[in-house]
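Trainee: Sequence and predicted structure, then a few things I'm wondering about:
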Amino acid sequence: MSLFHHHGGIFYRRAAEQLQDPHFGIMTDYWYMARRSCKSSVLIDLLICTILYDHTGNRFECKSIHHGDYKPWKEVIRQQMEDHMLKYGVDKLMAKRIVRDMEITKDKLVPFDRLDFLYRKL
């Protein structure tokens, strides 16, 4: 089972239709929830929220639910961030550079609560 495939759709919340002039700079953020499917399993449920801010302060949020082998969890977060930027008009090379320099850490892990996932706003 691949963690790279999302399950149940991708949910978007945005303050504007498109990022305003992404070449003037964008800020990125993310948070996620994760837990093993069962105690000794290598399968995890991974719920990811990526957030973009344009230079005018508009917020663009993307949430997705993933299930699969835990090993590529950092790459899955990077891939979602890149896809999110491309959806809102960021140049592909700029998106790849931002994602490459992004540090994925466990500091962004929040307590797992599937019901709270769609409504939480950090």
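Mentor: The structure has been received and is ready for your questions. Residues are numbered from 1 along each chain as shown.
Trainee: C-alpha from now on. contacts and neighbour counts both.
Mentor: OK.
Trainee: measure the residue of the chain positioned farthest from its centre to residue 47 for me?
Mentor: Most distant residue from the mean C-alpha position of the chain: residue 40, 26.1 Å away (CA atoms, centre = their mean). Residue 40 sits 20 Å away from residue 47, going by CA to CA, to the nearest Å.
Trainee: Report the secondary structure state of the residue farthest from the centre of the chain.
Mentor: Secondary structure, DSSP: H, G, I helix; E, B strand; the rest coil: residue 40 is coil.
Trainee: tell me the contacts of it?
Mentor: If a contact means CA atoms under 8 Å, 6 or more residues apart in numbering, then residue 40 has no contacts.
Trainee: for this structure, longest helix please?
Mentor: As assigned by DSSP state H, the longest helix anywhere in the chain is helix 73-87.
Trainee: Packing partners of that one?
Mentor: Applying 3 or more CA pairs under 8 Å, 6 or more residues apart in numbering; DSSP states H and E, we find helix 73-87 packed against strand 43-53, helix 92-101.
Trainee: Please export the alpha-carbon coordinates of that helix; PDB is fine.
Mentor: C-alpha atoms of helix 73-87 as PDB (Å, rounded to 0.1, in the frame of the first residue of the first chain):
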ATOM      1  CA  TRP A  73       6.400   9.900   5.200                       C
ATOM      2  CA  LYS A  74       8.700  12.900   4.800                       C
ATOM      3  CA  GLU A  75       8.600  12.600   1.000                       C
ATOM      4  CA  VAL A  76       4.800  12.500   1.100                       C
ATOM      5  CA  ILE A  77       4.700  15.800   2.900                       C
ATOM      6  CA  ARG A  78       7.200  17.300   0.500                       C
ATOM      7  CA  GLN A  79       5.200  16.000  -2.500                       C
ATOM      8  CA  GLN A  80       1.900  17.400  -1.200                       C
ATOM      9  CA  MET A  81       3.600  20.800  -0.500                       C
ATOM     10  CA  GLU A  82       4.900  20.900  -4.100                       C
ATOM     11  CA  ASP A  83       1.500  19.900  -5.600                       C
ATOM     12  CA  HIS A  84      -0.200  22.500  -3.500                       C
ATOM     13  CA  MET A  85       2.100  25.300  -4.800                       C
ATOM     14  CA  LEU A  86       1.700  24.200  -8.400                       C
ATOM     15  CA  LYS A  87      -2.100  24.200  -8.000                       C
END
